[in-house]
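following is a predicted model, sequence given first.
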Amino acid sequence: MTDPTNTEIAAALDQLGDLYELDGAVIHRIVAYRNGAKAAREASTSVSQLAREGRATELPGIGSTLQEKILALAETGEIPALEKLRAKFPPGLVEMTKLPGLGPKRARRLYEELQIDSLASLRAAAQEERIRALSGFGAKAEEQLLAALDAYEASGPQTRTVLNKALAVGEELLQAIREHPATVRAEFAGSARRMAESVKDLDIVATASDPAALARAAVELAQVEAASNPGENAVRLRTHAGLNVDLRIVEPDQFGNVLQHLTGSKEHNVALRDFAVRRGLHISEYGVLDDATGITHRCPTEQEVYALLGMAYIEPELRENRGELEAALEGKLPELITLADLKGDLHAHTTASDGTASIEEMALAAKGFGYEYLAITDHSASMGFGADVSDDQLRRQIELVRRADVEIDGIKLLAGSEVNIFPDGLLDYPDELLAELDWVVASVHTSFRMNAKEMTERVIAAIEHPYVDCIGHLTGRKIEQRRAYELDFEAVAAAAARTGTMLEINANPDRRDLNELHARAASAAGVQIVINTDAHRVGGFAVARYGVATARRAWLTPGQIANTRPWAEFAPLRCRVRHESGS
DNA sequence: GCCGTTTTCGGCCCGACTGTTTTCAGTCG
């Protein structure tokens, strides 16, 4: 049988955690399963394989017991403890705990005392006012359960907003808050500050000369559709797009504590506080309490919070409990790449395929964005976007790019293509035509539903092609829309490292593909990474920030990103150069 | 269930909010 993927292992461990929680296990055991699930989900190699070798325990949070369970899943397809718990609790019971306000303890009482085992039976019981008979429940609880059921059935489990959509309105709102006369300082916190792929809501932390006045004024801003009653130092806003924004206004001497607390992530904060406790310190949003002195240190800046723990400042993008605390202690945090480090873009479209601007317009836009070089990479013939670029049209396009390169000063233009990888691994243009190009991105755009083995062979065939410089948006995922297709990432990264083929971080905020975990693992495996915007219009280069954000969340430095180099240094990195020179 | 420059056993983050309570358990972020 085929080994379970890391995602499947993580799901099984998460389920075990949920079911043990219903079963009333001590919280630390439940947390251990959830930590194990996180470790499996984020591992850069096959966890089943590690378990077979007895090395899964090297992952933080996986000990011998979890390794045994993973091994059982790999060898028999099931985990006995999980099957036993599934038999004990109906699946509807787990679903009930997804309702806000209903946790495992209360759900289990509803099941045992009223035989409620599904959303439907829960609704019936609440409507018939049978729940209020239980001690600890009242009429209010029934009311809230019915409201939660309505909300859940109307829109399903909570949806998240892709980061650029949240920032589009959020940055306007932040700017408006900053411009208010009472505001001294205002910053994003939360997952938006960490530049996560998507957000549940936005958090803004501010200091103000008159907090209550700022809270009242925020309610009246043009971006705000509705709001809670503004308090003395907090208000919840809802934008016209339905995004919730929490504004917290704090004392300046606690700004660092609150910003750190609300920036999270939860996992980072839990690990940070755990670390602090071992040193006699207690971190909260109000300060850092020192057991030895009884003094609570209030921190105007986050730097002071981390300094009190003897750590270097940790950039928000790294705060995911992926080793940043240990690195900060040892002074081994990476010098992360910034937007200003990018020198060129190697994936952009024009009207020759599905872009909206000419070669010249895109060149000038890229130059205006500060780039020194740009590859024009329209879709190959089989793509079917607008005007197909046939072989002859590509030859003509090459001429046009070369001419524009001569005519436009201050930016190097490369004649390229985004070539389709067919299901059999072959490319859309003949080799002799590909050989004429300066740069070739190969991408999968069709037949996503192949199995992992076939898809891996398909992509590796392209990686091994002598004229392919780079693989575009490797996994095909669209954030909150479309899952990544099945692929053996380790094998792909190994092939890319072996051949010198680059892997792209596609900066389109709906893609961010490679994702941060893949990008980190690929770079560690020796793969050269490029950050490309895949721009389809002159404004398209602006999304580079999201590609940079993914690279930062992948711990990457400028040296690990090929297109931080000027063209003279980048050009020899292309694997085709080595192919052509016969090495 | 995991883990160890105080531990192989005994710890394991912090606080707010809510409804149902007469001091707190459960839930959430």
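Good, I have the coordinates.

residue A:101 touches residue A:143, doesn't it?
No: in this structure residue A:101 lies outside contact range of residue A:143 using CB atoms under 8 Å: 10.8 Å. Where C-beta positions appear, they are placed from N, C-alpha and C, glycine not excepted.

which part of the stretch 301-450 of chain A gets nearest to DNA strand B, residue-wise?
Proximity of the stretch 301-450 of chain A to DNA strand B (CB to the nearest atom of the strand) peaks at residue A:326, 9.7 Å away.

can I take it that that residue is in a helix?
Yes: assigned with DSSP: H, G, I helix; E, B strand; the rest coil, residue A:326 falls within a helix.

report how many residues lie close to it.
Residues near residue A:326, counting by other CB atoms under 10 Å, number 14.

same question, residue A:83
Neighbours around residue A:83, by other CB under 10 Å: 10.

my guess is residue A:371 meets residue A:413, correct?
No: Residue A:371 is not in contact with residue A:413 according to CB under 8 Å; the separation is 10.6 Å.

just for the stretch 301-450 of chain A, where's the confidence low?
A:384-388 (pLDDT under 70).

which residues of it fall in helices?
A:302-308, A:324-330, A:359-368, A:391-407, A:431-434 (DSSP state H, counting those that start in this stretch).

centre-most residue in chain A?
Centroid-nearest residue in chain A, with CA atoms, centre = their mean: residue A:197, separated by 3.7 Å.

contacting residues for it?
Residues near residue A:197 by CB atoms under 8 Å, 6 or more residues apart in numbering: A:162-163, A:479, A:512, A:515, A:550.

just name the closest of those to residue A:569, please.
Nearest to residue A:569 among the contacts of residue A:197, counting by CB to CB, is residue A:550 at 22.9 Å.

that closest one falls within a helix, correct?
Yes: per three-state DSSP, residue A:550 lies within a helix segment.

what number of residues lie near it?
Counted with other CB under 10 Å, the neighbours of residue A:550 add up to 30.

ok, it to DNA strand B distance?
Using CB to the nearest atom of the strand, to the nearest Å, we find residue A:550 at a distance of 23 Å from DNA strand B.

phi, psi for the spatially closest residue to residue A:263 that is not a sequence neighbour please.
Spatially, and ignoring its direct neighbours in sequence, residue A:263 is nearest to residue A:189 (4.6 Å; CB to CB, 6 or more residues apart in numbering). Main-chain torsions, residue A:189, degrees, to the nearest 10: phi -120, psi -160.

please look at residue A:189 and residue A:199 and confirm they touch.
No: the criterion here is CB under 8 Å, and residue A:189 misses it with residue A:199 at 11.1 Å.

which one of those two has more residues nearby?
residue A:199 (24 against 21).

wait, that one sits on residue A:165?
No: applying CB under 8 Å as the test, residue A:199 and residue A:165 come out as separate, 9.1 Å apart.

buried ones in the host helix or strand of residue A:120?
Using DSSP states H and E, residue A:120 falls within helix A:119-127. For helix A:119-127, the neighbour count (16 or more other CB atoms under 10 Å) marks A:119, A:121-123, A:125-126 as buried.

up against DNA strand B, what does the stretch 1-150 of chain A have?
Neighbours of DNA strand B within the stretch 1-150 of chain A, by CB under 7 Å from any atom of the strand: A:26, A:28-29, A:31-33, A:35-36, A:57, A:60-67, A:97, A:99-107, A:132, A:135-141, A:144.

please repeat the previous calculation with a cut-off of 6 Å.
With CB under 6 Å from any atom of the strand as the criterion, the stretch 1-150 of chain A comes near DNA strand B at residues A:26, A:28-29, A:32, A:60-66, A:100-107, A:135-138, A:140-141.
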